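Asks: everything below, folded, please.
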Amino acid sequence: MLEPDFLNELSQKLDSKIISHKPLSGGDINEVYTLESENEKWVIKVNNAQRFPGMFEKEAAGLQALREPHIIDVPKVITSGEHQNQSYLLLEHKATGTKKQEFWTIFGRQLAKLHQQSAAKFGFEEDNYIGSLPQYNEAEDNAAEFYINQRLKPQFALALENGYKFTEIDRFYDKIRHLIPQEKPALIHGDLWSGNFLVNASGDPCLIDPATAFAPREMDIGLMHLFGGFNPSLFDAYNSEFPLAHGWPERIKLWQLYYVLVHVNLFGGGYFASAEAILRHYLNS
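Replies: Numbers count the residues shown, from 1 in each chain. Next comes the predicted model:
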């Protein structure tokens with residue numbers, strides 16, 4: 001639970017006395033709570049400032065980038081900071097509701113419009129995090145080089161440090177350079193699995209916990225297919241709004257490789273076999 005002196009500090013920042021706080025489901029990285037005054041609610045995420053330096057400032061930048069186009073609902077960032085050895089991120093509280101009848105169609109169209117937001121180069125204003133791991137966002141001129149240099153190479157290198165050795169990686173890179181569509185950078189959520197959206201009080205989708213970048217848009221699509229939880233009508237609506245490049249279903253596993261490697265480096269175990277299978281699939285195709 002949050003200490004009284006921390007709650008007093010937050011009350012001063014909010015100019016509203018916090019009268020209660022309750023834990024929400026979090027994870028290994030963050031503790032998450034709702035804060036409540038007489039008239040308002042907020043959400044606060046807390047973690048160890050030394051273990052994850054700058055994590056919440058980077059998440060705040062990602063949330064703000066997703067909010068700015070006013071396309072899809074995203075919680076407003078109130079503030080971030082440190083208290084003693086804790087970092088925190090204070091967010092607007094989003095009440096939840098029941099999906100609208102057209103929820104998945106709305107979600108697909110909104111995601112497509114979000115992905116149409118672009119930038120001059122692939123990357124982001126700064127490096128950030130994917131889960132608890134660093135995610136690199138140096139500027140790249142094309143989709144393939146961004147995916148290889150900023151996404152795959154760091155994860156393969158970390159896997160080797162962790163005792164997981166992959167072979168023929170350079171040949172794999174040569175193969176996939178010819179498979180990746182040369183599209184413009186897209187503003188993506190970056191960690192879009194079913195646990196990172198909610199249904200807001202209006203019955204519309206709301207995005208949370210991003211790993212934002214201007215990146216190949218099929219990265220979001222690939223992860224959305226990895227663990228399930230998204231209705232097929234979402235992808236139909238997406239393709240009606242912003243059609244994916246020819247052959248996109250055959251590239252789903254390619255984009256999933258990044259996220260599987262992240263799981264290798266966080267959890268090990270069976271994820272190594274899954275990553276190896278994806279690697280072999282494209283090497284042998």
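
Asks: quick one: the strands in the stretch 151-285 of the chain?
Replies: Ranges of strands in the stretch 151-285 of the chain, per DSSP state E, counting those that start in this stretch, are 186-188, 197-199, 205-207, 213-215.

Asks: for Gly54, find the nearest of those.
Replies: Set against Gly54 and scored by Cβ to Cβ, the strands of the stretch 151-285 of the chain come closest in strand 213-215, at 15.7 Å. Every C-beta, even on glycine, is put in place using the N, C-alpha and C of the backbone.

Asks: ok, and what's touching that closest one?
Replies: 118-119, 121-124, 128, 135, 137, 143, 146-147, 151, 185-188, 190 (Cβ atoms under 8 Å, 6 or more residues apart in numbering).

Asks: state the mean pLDDT of that strand.
Replies: Per-residue pLDDT over strand 213-215 has a mean of 98.

Asks: try stretch 55-71
Replies: On average, stretch 55-71 scores 98.

Asks: buried stuff in it?
Replies: For stretch 55-71, the neighbour count (16 or more other Cβ atoms under 10 Å) marks 55-63, 65-67, 71 as buried.

Asks: ok, those vs Gly195, which is closest?
Replies: Taking Cβ to Cβ as the measure, Gly195 lies nearest Glu59 of the buried residues of stretch 55-71, at 15.1 Å.

Asks: and the residue nearest in space to the middle of the chain, how far is that from Glu40?
Replies: Central residue of the chain (Cα atoms, centre = their mean): Asp191, 2.5 Å from the mean position. Counting by Cβ to Cβ, to the nearest Å, the separation of Asp191 from Glu40 is 28 Å.

Asks: Asn137 too?
Replies: Taken as Cβ to Cβ, the span from Asn137 to Glu40 is 34 Å.

Asks: could you do Gln150 as well?
Replies: Taking Cβ to Cβ, one finds Gln150 at 39 Å from Glu40.

Asks: swap in Gln86?
Replies: 22 Å.

Asks: show me which of those two is the more surrounded one.
Replies: Gln86 (16 against 12; other Cβ atoms under 10 Å).

Asks: bridging residues for the residue lying closest to the more buried one once chain neighbours are set aside?
Replies: Nearest non-adjacent residue to Gln86, counting by Cβ to Cβ, 6 or more residues apart in numbering: Val46, 5.3 Å away. Beta-bridge partners for Val46, by DSSP bridges, are Glu31, Tyr88.

Asks: that older thread, just send the strands of the stretch 151-285 of the chain back as a markdown table, with distance to Ser16 and mean neighbour count too.
Replies: Formatted as a markdown table, the strands of the stretch 151-285 of the chain follow (distance: least, Cβ to Cβ, whole Å; neighbours: other Cβ atoms under 10 Å):
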| stretch | distance to Ser16 | mean neighbour count |
| --- | --- | --- |
| strand 186-188 | 33 | 25 |
| strand 197-199 | 24 | 19 |
| strand 205-207 | 23 | 21 |
| strand 213-215 | 34 | 27 |
